[in-house]
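Engineer: Next comes the sequence, and after it the predicted model I'd like to discuss.
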Amino acid sequence: MPELPEVETVRRGLAPVLEGQRLSRAEARRPDLRFPFPEGFGQRLTGARILHLKRRAKYLLAELDRGETLVMHLGMSGRFEIARGADEVRPGAFHYAADPDPRHAHVIFETEAGGRVTYYDPRRFGYMDLIPTATLANHAWFARMGPEPLSEDFDTDRLVSCFAGRKQGPKTLLLDQRVVAGLGNIYVCEALNRARISPLQPAGDISRARLETLSEEVRSVLEEAIAAGGSTLKDYAGADGALGYFQHRFRAYGREGEACTNPGCKGQISRTVQGGRSTFYCEVCQT
């Protein structure tokens, strides 16, 4: 599933084409994705202006001038393709992917300025809904979310408070969207490796000094991944149909049996399973 950096990369790719633009046409080519589209989906969007295109955790939020927000989640394989006139929009430095299969073009947005954005989703695990903007924060998807990891609200104090007395491992807690919003398996593994903290030790036993390092590494690894265009596992791609290359910089994730790259460490990356998900870490330097 796309994680925060991938979704932020998509947001930045879509913003120049959609933000501030009025939709001349919106079409859902099937009745549902993971969930049914809201009633009157195309009609409610056609003629609306997108005031802002934001991200909350792993959701894209298109705030409309009609008092509603279009909420979009990419699921496992959702992606957007941008076309503007005869030109293709390809922001950033990417390794480009093949053109998506037109059979999976499920939603089309066209703007009065001539932009065209197509949503493809072969597995149809993504979803979209229209939610009143005034009630968005109280919606079931967002009501209990923690702070954004790149915001000022996510810091050492937040980790100290959330980890205090907890016997679960730090990875388990960092994946809890009530603790921090938008973190996923890949970047939690990376941040813990960089901070040299074991994903297996009780979170309540980690010192404040080490949690300060962890909060800094969470921010650092996300910022690096966003700058690189995301991790692009399997068939995921950015908004412009492109593949990011942060996956080539992974220090831990997917590197079982390879040498740990932390300075001065002679260990190698091991793999275990926590909560049904693979955890990659170094038994030598992550203590």
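Structural biologist: Sure, I can see it. Residues are numbered from 1 along each chain as shown.
Engineer: surely Met76 meets Phe125?
Structural biologist: Yes: judged on C-beta atoms under 8 Å, Met76 makes contact with Phe125 at a distance of 4.4 Å. Yep, even glycine has a C-beta here, placed from its N, CA and C like the rest.
Engineer: can you map out the strands along this structure?
Structural biologist: Counting by DSSP state E, the chain has these strands, from start to end: 23-28, 50-56, 59-64, 68-73, 79-84, 87-88, 95-96, 105-111, 115-120, 127-132, 242-243, 269-274, 277-282.
Engineer: could I get those strands as JSON lines with mean pLDDT, distance to Arg255 and mean neighbour count?
Structural biologist: Supplementary listing: the strands of the chain in JSON lines, determined by pLDDT from 0 to 100; distance: least, C-beta to C-beta, whole Å; neighbours: other C-beta atoms under 10 Å:
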{"stretch": "strand 23-28", "mean pLDDT": "97", "distance to Arg255": "41", "mean neighbour count": "17"}
{"stretch": "strand 50-56", "mean pLDDT": "97", "distance to Arg255": "28", "mean neighbour count": "18"}
{"stretch": "strand 59-64", "mean pLDDT": "98", "distance to Arg255": "30", "mean neighbour count": "21"}
{"stretch": "strand 68-73", "mean pLDDT": "97", "distance to Arg255": "29", "mean neighbour count": "22"}
{"stretch": "strand 79-84", "mean pLDDT": "81", "distance to Arg255": "26", "mean neighbour count": "21"}
{"stretch": "strand 87-88", "mean pLDDT": "54", "distance to Arg255": "34", "mean neighbour count": "12"}
{"stretch": "strand 95-96", "mean pLDDT": "30", "distance to Arg255": "20", "mean neighbour count": "12"}
{"stretch": "strand 105-111", "mean pLDDT": "95", "distance to Arg255": "35", "mean neighbour count": "20"}
{"stretch": "strand 115-120", "mean pLDDT": "91", "distance to Arg255": "30", "mean neighbour count": "20"}
{"stretch": "strand 127-132", "mean pLDDT": "98", "distance to Arg255": "32", "mean neighbour count": "18"}
{"stretch": "strand 242-243", "mean pLDDT": "52", "distance to Arg255": "19", "mean neighbour count": "21"}
{"stretch": "strand 269-274", "mean pLDDT": "96", "distance to Arg255": "4", "mean neighbour count": "15"}
{"stretch": "strand 277-282", "mean pLDDT": "96", "distance to Arg255": "6", "mean neighbour count": "20"}
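Engineer: Please tell me how far the helix ranked longest in the chain is from the chain's geometric centre.
Structural biologist: Ordering each helix of the chain by length in residues (DSSP state H) puts helix 208-228 first. Centroid separation between helix 208-228 and its chain, computed with C-alpha atoms, centre = their mean, to the nearest Å, is 15 Å.
Engineer: same question, stretch 163-179
Structural biologist: Offset of stretch 163-179 from its chain centre (C-alpha atoms, centre = their mean): 19 Å.
Engineer: Could I get the buried residue list for that stretch?
Structural biologist: Residues of stretch 163-179 classed as buried under the neighbour-count rule (16 or more other C-beta atoms under 10 Å) are 163, 166, 169-175, 177, 179.
Engineer: now, which of the residues you listed sits nearest Arg196?
Structural biologist: The nearest member of the buried residues of stretch 163-179 to Arg196, counting by C-beta to C-beta, is Pro170 at 11.8 Å.
Engineer: Starting from Gly182, give me the distance back to the residue nearest in space to the middle of the chain.
Structural biologist: Compute the mean C-alpha point of the chain, and by C-alpha atoms, centre = their mean the closest residue is Leu4, 2.4 Å away. Taking C-beta to C-beta, to the nearest Å as the criterion, Leu4 is separated from Gly182 by 4 Å.
Engineer: Touching both of these two, which residues are there?
Structural biologist: Taking C-beta atoms under 8 Å, 6 or more residues apart in numbering as the contact definition, Leu4 and Gly182 share the neighbouring residues 57-58, 149.
Engineer: any chance of these in a markdown table, with neighbour count too?
Structural biologist: Rendered in a markdown table, the data for the shared contacts of Leu4 and Gly182 read as follows (neighbours: other C-beta atoms under 10 Å):
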| residue | neighbour count |
| --- | --- |
| Ala57 | 20 |
| Lys58 | 20 |
| Pro149 | 25 |
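Engineer: Take the residues you listed and write them to a markdown table, including distance to Ala28 and pLDDT.
Structural biologist: Compiled in a markdown table, these are given as follows (distance: C-beta to C-beta, whole Å; pLDDT from 0 to 100):
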| residue | distance to Ala28 | pLDDT |
| --- | --- | --- |
| Ala57 | 24 | 96 |
| Lys58 | 21 | 94 |
| Pro149 | 32 | 97 |
